[in-house]
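# What would the 3D arrangement of this be:
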Amino acid sequence: METTEGEAAADTKRGALRGLSVVVLVVLLLAAVAAAWGTRQVVRDQEHRLLRERTSELNVTLQTATGAVQSQLANAGTASRLTNGSQEAFAEATKGDVATTPSLLTEALLAPSPDNRDGFVVEAAVGSTLKAGDIVTGERADTMRTAMAAQGKLAASRVLVTEGAKSLGLALGPPLAPPGHVLFRETKVAPAGQSRTASSQPFSELNVVLYASSKPEASQAILSTAHLKVPLKGDVVSQPFKLGVSPWLLSVSAQKPLVGTLAFRTPWLVLLSGILGALLMAYLLEVVLRRRDYALALVDERTTALRSSLAALESAQEQLVRSERLAAVGQLASAVGHELRNPLGVISNSLYLIRTATADNGDDRMQRHLGTAEREVAAATLIISDLLEFARAREPIVASVDVAPLVDEALEVAPPPEGITVSRQVDGNTPAVAADRDQLRQVLLNLITNGYDAMSQGGVLTVATSSTNGTVSIKVSDQGDGMSEETRSHVFEPFFTTKARGVGLGLAVTQRIVGAHGGNIAVDSRPGAGATFTVSLPVYAGANGSASE
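Here you go, the predicted structure:
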């Protein structure tokens, strides 16, 4: 099945998207990305807001828990004041703390050392780290001095490292401690990441790190949930945590989205939906555009076919009308030619007899009139010959014809008028052509006499021959006024002529003869540049008289 032009036009565009489809696809994809990004920002803002709220709640909870430690130290201080610093009373008051707090290393009552102005002497103590009479210096002593100046507020040390073990010191001074004394408690610090929270407990969805400093220093992490790398990464909320007069830092992140898994995945769902929607819209638009293009191509194809059919129909109709007209003209020309040839013959004979009879009377005027009459009779005879030749349309009898002698014969039969010279450029080696000699002679005579007629002011008529690729070309060029494009387009039509005399059948007969020989005749002419007629004929192939293919 043959492919129509509309289908071919559609196929050429089938491999690539159209510009409008690409633009729509890009715009919708950008809109999908923007919507997903905006949704992601909303979800992140909501997540961060919930994380801040949970961090604040955890901060309050831890403040409450550390308040209990201050209450325990205050109870031990009260017992010491009532018993004037009795070691037994202090041990009795703090034994509950040791029993309920497994991480407690020591709890002690201390006073500034009279022998060491930077140290504190232990007056009463429980636990394994300090005992009565010990002198405490260094960072522990600094924490105790801070507590004595804090007016009853708790003071905390930085993380203490003793023989590779980490601990934390808490101190409480007057008025909750006895005057001139300080209460001190030291507890073990679990390694970072070892504190575990059951999933059923509050804040189990959070990653929590509490630093014994105002900055997130890994060495100062005293509380953190399991499997954490300190400091925390990602979306982290950090809030100051005030333990008495000591500035600590609470850092919190979420183990899983607080807004919910569905809300957290919403931006990706929005992006995926946008991409699918963009692809679907681009596909539908592409289908519509391709159907439109196919319909337009089909309309163009059918319009072109209709125009071709109309042109062919008009050409066929014109050819039919022309054929009928030429047939009628041919019949009329044949009848008129036969009817006029005999009277013209009689007139020609009569003129001959008159000229013969009056040849000796010396009347020049009569001789001129007789010459004029003979020329007019000859012109009329030529017109009759053209009419009869046009009407007969005899098929050529093809044989081998040498071009050079035939050109010479035609130039002898039609010698140049006065003021015109002939330039003969005939190649003696020009191969013979397959032609009817009489008809080809008539073609040359028609072209040569037309060239003479075109040069009313004189000039050079050039007759040249050449051969190439099995074809012989005969060119007849004049130096006349040339032809306009309009004249050139009608020059081979029957009865078309620009001459004052004649019926315009010479070139029409010439074209028909050349065409009957399987040849071609063309004209090249411009106004003021003369005209060149080129006759192309096939070379004679052999004794059978056929033309070379």
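
# Can you show me the strands along the stretch 401-549 of the chain?
In the stretch 401-549 of the chain, the strands defined using DSSP state E, counting those that start in this stretch lie at 420-425, 433-435, 459-468, 471-478, 520-525, 531-538.

# Neighbouring strands - and their directions - for the first one?
In the sheet containing strand 420-425, its partner strands are strand 459-468 (parallel), by DSSP bridges.

# can you check the fifth one too?
Using DSSP bridges, the strands paired with strand 520-525 are strand 531-538 (antiparallel).

# Can you point out the buried residues in the strand it pairs with?
Across strand 531-538, burial judged by 16 or more other CB atoms under 10 Å covers 531, 532, 533, 534, 535, 536, 537, 538. Heads up, the C-betas are built off the backbone N, CA and C, glycines and all.

# what angle sits between it and strand 471-478?
160 degrees (axes from the mean of the first three to the mean of the last three CA atoms, to 10 degrees).

# still on that earlier bit, now, which of the buried residues of strand 531-538 sits nearest residue 288?
Residue 288 lies nearest to residue 536 out of these, by CB to CB, at 55.3 Å.

# Do I have it right that that closest one meets residue 470?
No - applying CB atoms under 8 Å, one finds residue 536 not in contact with residue 470, separated by 10.4 Å.

# helices or strands next to the longest helix belonging to the chain in the packing?
Looking across the chain with DSSP state H, the single longest helix is helix 261-357. Where contact means 3 or more CB pairs under 8 Å, 6 or more residues apart in numbering; DSSP states H and E, helix 261-357 is packed against helix 5-12, helix 19-82, helix 364-392.

# I'd like to know which of those lies nearest to residue 236.
Across these, residue 236 has its closest neighbour in helix 19-82 (8.4 Å, CB to CB).

# any idea of the mean pLDDT in the closest one?
Average pLDDT, helix 19-82: 85.

# what's the angle between it and helix 261-357?
Going by the same axes, to 10 degrees, helix 19-82 makes 160 degrees with helix 261-357.

# hang on, residue 204 in a strand?
No - under DSSP: H, G, I helix; E, B strand; the rest coil, residue 204 falls outside any strand and is assigned coil.

# burial count for it?
12 (other CB atoms under 10 Å).

# How about residue 163?
4.

# Can you check the pLDDT for it?
pLDDT at residue 163 comes out at 77.

# Phi and psi next, for it.
phi 50, psi 40 (degrees, to the nearest 10).

# how about the nearest residue to residue 81 once chain neighbours are set aside, what does it touch?
Excluding its sequence neighbours, the residue lying closest to residue 81 (CB to CB, 6 or more residues apart in numbering) is residue 178, at 4.6 Å. Going by CB atoms under 8 Å, 6 or more residues apart in numbering, residue 178 touches 77, 80, 81, 85, 109.

# What is the nearest of those residues to residue 280?
Distances from residue 280 to these, taken by CB to CB, are shortest for residue 77, at 76.2 Å.

# wait, the closest one sits on residue 177?
Yes - using CB under 8 Å, residue 77 is in contact with residue 177, at 4.2 Å.

# who touches both of these two?
In contact with both residue 77 and residue 177: 109, 183, using CB under 8 Å, 6+ apart.

# Settle it for me: which of the two has more neighbours?
residue 177 (27 against 24).

# where does the more buried one sit relative to residue 76, distance-wise?
Separation of residue 177 from residue 76 (CB to CB, to the nearest Å) stands at 9 Å.

# Identify the contacts common to these two.
Contacts common to residue 177 and residue 76, judged by CB under 8 Å, 6+ apart, are 109, 183.

# on contacts alone, who are the packing partners of the helix or strand harbouring residue 94?
Here residue 94, judged by DSSP states H and E, is contained in helix 87-100. If contacts are counted by 3+ CB pairs under 8 Å, 6+ apart, helix 87-100 sits against helix 19-82, strand 104-112, strand 120-127.

# Buried residues, that helix. List them.
Result for helix 87-100 [16+ other CB under 10 Å]: buried residues 89, 90, 91, 93, 94, 97, 98.

# mean confidence score for it?
Here helix 87-100 scores 74 as its mean pLDDT.

# do stretch 349-366 as well
On average, stretch 349-366 scores 74.

# swap in stretch 232-249?
For stretch 232-249, mean pLDDT is 89.

# Please apply the same query to stretch 459-474.
On average, the pLDDT along stretch 459-474 is 86.

# can you check stretch 168-184 too?
Averaging pLDDT along stretch 168-184 gives 88.

# Show me where the stretch 401-549 of the chain dips below the pLDDT cut-off.
Applying pLDDT under 70 to the stretch 401-549 of the chain flags residues 493-506, 542-549.

# Show me where it has its helices.
403-413, 437-454, 485-490, 506-516 (DSSP state H, counting those that start in this stretch).

# before we move on, what about the stretch 101-250 of the chain?
Going by DSSP H, counting those that start in this stretch, the stretch 101-250 of the chain shows helices at 138-148.

# Run through the strands of it in chain order.
104-112, 120-127, 135-136, 154-156, 160-162, 165-172, 182-188, 206-211, 221-224, 237-243, 246-254.

# Need the contact partners of the fourth one.
Residues external to strand 154-156 that are found in contact with it (CB under 8 Å, 6+ apart): 66, 69-70, 73, 143-144, 146-147, 168-173, 212, 243-246, 248.

# run the last query once more with 7 Å
70, 143, 146-147, 168, 170-172, 212, 243-246 (CB atoms under 7 Å, 6 or more residues apart in numbering).

# strand partners of that strand, parallel vs antiparallel please.
Assessed with DSSP bridges, strand 154-156 is paired to strand 165-172 (antiparallel).

# Return the set of buried residues in the partner strand.
166, 167, 168, 169, 170, 171, 172.

# quick one: contacts for the closest residue to the first one other than its chain neighbours?
In space, and not counting its chain neighbours, residue 166 is closest to residue 189: 4.1 Å by CB to CB, 6+ apart. Residues near residue 189 by CB under 7 Å, 6+ apart: 159, 166, 167, 168, 222.

# where does the last one land on pLDDT?
I take that to be residue 222. 85.

# Can we start the residue count at 36 from this point?
With the count now opening at 36, the last piece we talked about shows up as residue 257.

# If we ignore the residues flanking it in sequence, what's nearest residue 438?
Residue 438 sits nearest to residue 465 (CB to CB, 6+ apart), 5.0 Å away.

# give me the number of residues near the one you found?
Counted with other CB under 10 Å, residue 465 comes out at 18.

# Likewise for residue 412?
When neighbours are counted by other CB under 10 Å, residue 412 comes out with 17.

# looking at it, it is touching residue 380, isn't it?
No - using CB atoms under 7 Å, residue 412 makes no contact with residue 380, being 9.1 Å away.

# Pop the domain breakdown of the chain in here.
Annotated domains of the chain cover 51-294, 330-428, 430-573 [automatic domain parsing].

# how about residue 138, what does it touch?
So residue 138 contacts 222, 223 (CB under 7 Å, 6+ apart).
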